[in-house]
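> structure for this input, please:
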Amino acid sequence: MPDTPSSQVPPQTQPPANRNAKARQLLGMKGAASGETSIWKIRLQLMKPITWIPLIWGVVCGAASSGNFTWTLENVLISAACMLLAGPLMAGYTQTLNDFYDRDIDAINEPYRPIPSGAISVPQVATQILLLLGAGIGLSYGLDRWAGHEFLTITAICLIGSFLAYIYSAPPLKLKQNGWLGNYALGASYITLPWCTGHALFGDLNLNILLLTMFYSLAGLGIAIVNDFKSVEGDRQLGLKSLPVMFGVDQAAWICVLMIDIFQVGVALYLIGIHQNLYATILLLLVIPQITFQDMYFLRDPLGNDVKYQASAQPFLVLGMLVVGLALGHTV
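Sure, this is the predicted structure:
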């Protein structure tokens with residue numbers, strides 16, 4: 001009997017490596033496979049679902065820091081709506097917009113991405129960007145009305161985030177061309193914006209929360225640098241000044257881990273200053289395994305171990321964020 005072509009093998013009998021590549025493709029991860037034909041899966045790939053998780057978690061941390069969240073059905077449902085705003089809608093908008101403006105560099109670094117591979121047309125991508133943005137603004141307005149805000153705080157955060165995403169990806173500013181500005185904008189988008197949104201939904205957003213989360217975003221800057229290592233060659237060819245291009249791979253790896261560690265420790269010191277010593281101690285303990293994985297994986301081979309490092313160390317960082325949120329909630 002002749003061999004069955006791989007394209008005709010039922011999904012459940014396809015080789016594990018092939019199924020894994022398709023899953024990575026759908027989630028928007030590095031090392032994906034090409035050849036997807038479903039337009040809805042292609043649209044989902046553009047939105048990079050793997051990137052939604054930290055923003056959804058940021059909403060949880062903000063709700064905790066408000067000190068007013070209670071486990072009622074209404075609060076759970078409205079929190080889920082806020083997570084939909086931060087993750088699928090606004091992160092999806094940001095990632096689709098970024099792919100739209102990065103189609104030339106993706107043709108070098110990640111040719112399997114939907115646009116450079118020809119799986120979706122540019123007008124279809126533009127339509128997706130506008131629909132996600134419109135849905136995000138509409139939902140943010142609805143959340144403001146639910147919270148009874150006279151000033152539309154959540155809508156304002158949504159508009160700021162959408163503008164930040166635009167200037168991050170689009171010329172002439174294209175903040176991502178500058179390793180420092182671009183990565184801080186990314187860090188703030190993953191920490192400050194969703195955290196402030198969750199806090200504003202259940203409490204009064206104040207300058208203290210805003211400044212603390214902006215400070216915390218400097219640790220997020222370090223996390224953002226990790227993503228630059230997978231595209232060093234393309235960035236260098238197109239003249240993008242990512243930190244690995246500017247400082248070299250090894251030095252950029254050290255900058256990355258120091259940013260992650262130092263600013264988490266700085267937040268722990270702040271917690272000590274407001275007499276939340278238990279939470280500060282927990283946060284410091286969560287930094288220790290991050291340092292361990294930095295030494296085991298990232299500093300030894302940042303190009304080869306970037307994904308492995310993120311999978312190992314990032315859970316401790318996001319747990320630390322929740323610890324900080326709970327500590328702030330106790331001071332309200």
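
> quick one: low-confidence ranges for the stretch 1-150 of the chain?
Scanning the stretch 1-150 of the chain with the threshold set as pLDDT under 70 gives 1-36.

> how far away is the nearest residue to I291 once chain neighbours are set aside from L326?
Among residues not flanking I291 along the chain, D261 sits closest, at 6.2 Å (CB to CB, 6 or more residues apart in numbering). Any C-beta I mention is one placed from the backbone N, CA and C, and that applies to glycine too. From D261 over to L326 the distance is 21 Å, taken as CB to CB, to the nearest Å.

> likewise V226?
Relative to L326, and taking CB to CB, V226 is found at 26 Å.

> who has more neighbours, those two?
Neighbours per residue (other CB atoms under 10 Å) separate V226 from L326, with V226 holding more: 23 against 16.

> distance from stretch 311-329 to the middle of the chain?
15 Å (CA atoms, centre = their mean, to the nearest Å).

> extract the C-alpha set from that stretch and format it as PDB.
Extracted in PDB, the C-alpha atoms of stretch 311-329 (Å, rounded to 0.1, in the frame of the first residue of the first chain):
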ATOM      1  CA  ALA A 311       8.100  29.600  30.400                       C
ATOM      2  CA  SER A 312      10.200  28.800  33.500                       C
ATOM      3  CA  ALA A 313      10.600  32.300  35.000                       C
ATOM      4  CA  GLN A 314       7.700  34.400  34.000                       C
ATOM      5  CA  PRO A 315       5.100  32.600  36.200                       C
ATOM      6  CA  PHE A 316       7.000  33.800  39.300                       C
ATOM      7  CA  LEU A 317       7.000  37.300  38.000                       C
ATOM      8  CA  VAL A 318       3.300  37.400  37.400                       C
ATOM      9  CA  LEU A 319       2.600  35.800  40.800                       C
ATOM     10  CA  GLY A 320       4.700  38.600  42.200                       C
ATOM     11  CA  MET A 321       2.400  41.100  40.500                       C
ATOM     12  CA  LEU A 322      -0.600  39.600  42.200                       C
ATOM     13  CA  VAL A 323       1.200  39.700  45.600                       C
ATOM     14  CA  VAL A 324       1.700  43.400  45.100                       C
ATOM     15  CA  GLY A 325      -1.900  43.900  44.100                       C
ATOM     16  CA  LEU A 326      -3.100  42.200  47.200                       C
ATOM     17  CA  ALA A 327      -0.700  44.200  49.400                       C
ATOM     18  CA  LEU A 328      -2.000  47.500  47.900                       C
ATOM     19  CA  GLY A 329      -5.600  46.300  48.400                       C
END
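
> got the buried residues for that stretch?
312-314, 316-318, 320-329 (16 or more other CB atoms under 10 Å).

> now that stretch: mean pLDDT?
Stretch 311-329 shows a mean pLDDT of 95.

> any chance you could map the helices in the stretch 51-200 of the chain?
Here the stretch 51-200 of the chain has its helices, by DSSP state H, counting those that start in this stretch, at 52-66, 73-84, 92-101, 103-109, 122-147, 153-169, 179-190, 192-202.

> put together TSV for those helices, with distance to F215 and mean neighbour count on each row.
Formatted as TSV, those follow (distance: least, CB to CB, whole Å; neighbours: other CB atoms under 10 Å):
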stretch	distance to F215	mean neighbour count
helix 52-66	14	24
helix 73-84	23	16
helix 92-101	22	23
helix 103-109	31	16
helix 122-147	25	17
helix 153-169	17	20
helix 179-190	10	23
helix 192-202	9	28
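
> closest one to V245 among those?
helix 179-190 (7.5 Å; CB to CB).

> and that closest one, what other elements does it pack with?
helix 52-66, helix 153-169, helix 207-226, helix 243-247 (3 or more CB pairs under 8 Å, 6 or more residues apart in numbering; DSSP states H and E).

> again, only using 6 Å
helix 207-226 (3 or more CB pairs under 6 Å, 6 or more residues apart in numbering; DSSP states H and E).

> where's the helix it packs on relative to the chain centroid, distance-wise?
With CA atoms, centre = their mean, you get 12 Å for helix 207-226.
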